[in-house]
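# 3D model of this:
(one chain, ligands or ions: 1)
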Amino acid sequence: MSDNDAIQPVSNEQWLERLTAERERLVGLRASIIDEHEPHDDREHNGTITTIDSHHADRGAATYELELETSMLHRFDDEIKRVDEAVAKLEAGTFGLCERCGEPIRDERMDFEPAARYCITHQAEMTG
Ligand SMILES: [Zn+2]
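Residues are numbered from 1 along each chain as shown. A predicted model of the protein is given here:
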């Protein structure tokens, strides 16, 4: 096993740690988007009621923000799903292999993107 170090510099456990950390980061970012747009009206429970309706004055901007928020949430959902898939692949023993050709994805790239699904050739093909 020890002479495989050059091919596989990190263990599955380490990848799992990285993926778990990545997932937590994504979930945190996703939550912060929702949090930012939630009305924080806790203070109003103290008695002083402010006119919340004034927040809806600019409906155009609100719609735009909502669309932006939704598309960002979808992006994070996708990325979280990819991390989950990568964890499943770790368990299946296919982690780090291109989904198109089955060749190992180069480690340097995995370092930037642990949930990468394709080798550099097929990644370029998929993203156009
Ligand atoms: Zn490939």
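# which other helices and strands contact the helix or strand of the chain with the lowest mean pLDDT?
Sorting the helices and strands of the chain by mean pLDDT, DSSP states H and E puts helix 107-112 at the bottom, at a mean of 77. Where contact means 3 or more Cβ pairs under 8 Å, 6 or more residues apart in numbering; DSSP states H and E, helix 107-112 is not packed against any helix or strand. Where you see a C-beta, it was placed from the backbone N, CA and C, and this is true even at glycine.
# So which bits of it are buried?
For helix 107-112, the neighbour count (16 or more other Cβ atoms under 10 Å) marks M110 as buried.
# That helix vs the ion: in contact?
No: applying Cβ under 5 Å from the ion, one finds helix 107-112 out of contact with the ion, separated by at least 11.8 Å.
# Under a three-state scheme, what state does the residue found closest to R109 once you drop the neighbours it is linked to in the chain occupy?
For R109, ignoring the flanking residues on the chain, the nearest one in space by Cβ to Cβ, 6 or more residues apart in numbering is A116 at 5.9 Å. Three-state call for A116 (DSSP: H, G, I helix; E, B strand; the rest coil): coil.
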